[in-house]
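Chemist: this one's sequence-less:
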């Protein structure tokens, strides 16, 4: 599952990523957050 994160939401995405990791969701689902900058560098 891919999520495109706006630059203004990067800090919130980091906190959300930590919550997903702590709850074990990353072991169940392949989740990836990326920014527009990451997208343009692909």
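Modeler: Great, that's in hand. Since this is a predicted model, take the numbers as computed values, not measurements.

Chemist: could you pull out the helices for the chain?
Modeler: Counting by DSSP state H, the chain has these helices, from start to end: 10-23, 25-28, 36-40.

Chemist: got these as JSON lines, with mean neighbour count columns?
Modeler: For every residue, glycine as well, the C-beta is placed using N, CA and C. Output for these, formatted as JSON lines (neighbours: other CB atoms under 10 Å):
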{"stretch": "helix 10-23", "mean neighbour count": "12"}
{"stretch": "helix 25-28", "mean neighbour count": "11"}
{"stretch": "helix 36-40", "mean neighbour count": "10"}
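
Chemist: Which one, of those helices, ends up nearest to residue 2?
Modeler: Nearest of those to residue 2, taken as CB to CB: helix 36-40 at 9.6 Å.

Chemist: thinking again about what came up before, in a markdown table: the helices of the chain, plus distance to residue 4 and mean pLDDT.
Modeler: Listed next are the helices of the chain as a markdown table, based on distance: least, CB to CB, whole Å; pLDDT from 0 to 100:
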| stretch | distance to residue 4 | mean pLDDT |
| --- | --- | --- |
| helix 10-23 | 10 | 94 |
| helix 25-28 | 18 | 93 |
| helix 36-40 | 7 | 88 |
